[in-house]
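*Asks:* Have a look at this fold, sequence not included:
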């Protein structure tokens, strides 16, 4: 089977919106209207084409983005359904990356919800042409006017009404279209409506909205503006063409009406997609990482971009991609620009949820899938041999939640490692870290729901029982005053023995500090520590008391002890060490002797230099509705946070604070509970700061107790 559609007849649409806005139900309507399914499934019956994953059926909402397609009046429409919760932002971003139009669903009973605002930020970044669809107009609490006004308040005057409902609630069955100046009247079962003249009692309102629509289109095109001034009207085809250009330039966001559950309005929406929404070859050419343009040309050099990977039971890894240039054919060999590996595209598929439909080729602009690429991952570009094309990667957000993870049953560490590797392949927003410092495996997620999905996959798909815990905190240790110490290491057990004596001084280090008082500086080395901070090491030996060849051994001993501070076992930073005296033996002195002497002298000096624990402080930014600002600030302050300011950001308030990392473990779930899911946050490392004496004492006691238990 060769490509049925040329590039200009392929439309890529992503369904977006807050959880529960009706995206999956709309996708079901689109497949049904196109005749690809005989019966519309429902979320409640867990039988939709999109939400086929057992976890989605169990939870009753979309978790993973899905690729489906319809054939509608000579056009192929690829439909990407996405989750509505911010925990699954990676799924939304990957779908947005390859879509050419977005449909943002608004729940007529709820208006613009926080999930809508969050997703809108991403659409602005991608400059995706957008349609708004007000759904659930048949709900008894639906409020069309309020929803439209909120949309205009949040997203600007570019939101332009194309349709409005004649009635709301259970009586909703008539939609007035001010582009076509027609009323659509639906039967109770939905589907194909009757086309009727606009009733007299709606004529004035429809005329006014039609005029607003035409003026919005004309204002973005000089030629159309001249025609509009000359004639006082534009033809429908002129409006459509002008609207397409304005959508591409993010100048108009048309707004439509829907009841997805009753299948009212989906057919007209699909007609608008094929008549007005841009094909991939009508969008601005994709830029490569080098800044070159890559035209969406089916006759160009074949090039695909991997935007998503999943692992299917009994099938293996499946890679989803968009063809950005050329025509990709089954059996073709492509080069992975990231690693140079040649991948053979053995099979090509169109997708209907989890149903694979084999095809022989896909043209530029189309989206499909293939199986078992050997060494290709999300964000990789594959192209024909002889070219050097690399497309910009999807930029995924950093994580908000961190847990330590371990298997319940000993001996399953390797199986868990394999499971985590597979999860990471499928989900770039899930980060796995094996922390040498904390001696824990850490899993970094977007939120608690994201973590719950990871746990479900590990236990149900990989058959490894796991437990999560609060991760240890990467504290640091330093000193507040100078201290001297010496240590003699002497060991004799027949034959050559061990001998080394070291005198040293340690001081708190800061940039620009003068050389140590009373010492003869003969050498100075500064080391930027991999865990932050510095170690400055001075050679102040006079008269050859210690041979310079033993100084590296002393340094090695000091550095080894800095890996495990005496208070909490944490890394030590910002210390100056001056070795100024010692003794050696002509036979028994060796590197190990001076290394041990360095360790013990440093340990002794550190304990007498007023040691201090430093804790990591994170910059936290919370975006929330204005009425919730006080509650959010109160929660941050209860976590020892210092609120630094509040800024307006769009229609939200951004609360900025510095909070100790040790207090942020459950913040994600707390914020969701506090704001009913209407807020989001991000956090990033700021600095290390001294902790209070009481907290330091508590940490030190816990460390000493655990050390004693380990010895026992």
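*Replies:* Sure, I can see it. Since the structure is predicted, the reported quantities are computational estimates derived from the model, not experimental observations. Residues are numbered from 1 along each chain as shown.

*Asks:* contacts, neighbours, all on C-alpha from now
*Replies:* Fine.

*Asks:* and the gap between residue 238 and residue 217?
*Replies:* Using Cα to Cα, to the nearest Å, residue 238 is found at 9 Å from residue 217.

*Asks:* Give me the common contacts of those two.
*Replies:* residue 224 (Cα atoms under 8 Å, 6 or more residues apart in numbering).

*Asks:* Does anything pack onto the helix or strand encompassing residue 210? Which helices or strands?
*Replies:* Using DSSP states H and E, residue 210 sits within helix 200-218. Contacts defined by 3 or more Cα pairs under 8 Å, 6 or more residues apart in numbering; DSSP states H and E place helix 200-218 against strand 159-161, helix 222-231, helix 236-248.

*Asks:* re earlier: ok, residue 238 and residue 217, which is more surrounded?
*Replies:* residue 217 (27 against 16; other Cα atoms under 10 Å).

*Asks:* wait, what's in contact with residue 275?
*Replies:* So residue 275 contacts residue 240 (Cα under 8 Å, 6+ apart).

*Asks:* What does it show for phi and psi?
*Replies:* In terms of degrees, to the nearest 10, the main-chain angles of residue 275 are phi -80, psi -30.

*Asks:* ok, now how distant is it from residue 243?
*Replies:* Noted for residue 275: a distance of 11 Å to residue 243, by Cα to Cα.

*Asks:* which residues touch the helix or strand hosting residue 698?
*Replies:* Element membership for residue 698, per DSSP H and E: helix 693-711. Outside helix 693-711, the residues that touch it by Cα under 8 Å, 6+ apart are 567, 568, 569, 612, 613.

*Asks:* By neighbour count, which of those residues wins?
*Replies:* Neighbour-wise, the contacts of helix 693-711 (other Cα under 10 Å) top out at residue 613, 26 neighbours.

*Asks:* For that one, give me phi and psi.
*Replies:* Here is the backbone geometry of residue 613 (degrees, to the nearest 10): phi -90, psi 130.

*Asks:* still on that earlier bit, for the contacts of helix 693-711, name the two members farthest from one another.
*Replies:* The span of the contacts of helix 693-711, defined through Cα to Cα, is set by 569 and 612 at 12.2 Å.

*Asks:* can you pull the buried residues of stretch 142-157?
*Replies:* 142, 143, 144, 147, 148, 149, 151, 152, 154, 155 (16 or more other Cα atoms under 10 Å).

*Asks:* I'd like to know which of those residues is nearest to residue 194.
*Replies:* Nearest member of those to residue 194, counting by Cα to Cα, is residue 144, at 22.2 Å.

*Asks:* Contact partners for the closest one?
*Replies:* Residue 144 makes contacts with 108, 134, 137, 164, 165, 168, as judged by Cα under 8 Å, 6+ apart.

*Asks:* part of a strand, is the second one?
*Replies:* Yes - when classified by DSSP: H, G, I helix; E, B strand; the rest coil, residue 134 is found to be part of a strand.

*Asks:* give me the number of residues near it?
*Replies:* 30.

*Asks:* List the contacts of it.
*Replies:* Contacts of residue 134 (Cα under 8 Å, 6+ apart): 105, 106, 107, 108, 144, 147, 255, 256, 257, 258.

*Asks:* In helices only, show me those residues.
*Replies:* 144, 147 (DSSP state H).

*Asks:* what about stretch 373-388, average pLDDT?
*Replies:* Mean pLDDT, stretch 373-388: 94.

*Asks:* Cool, thanks, talk later.
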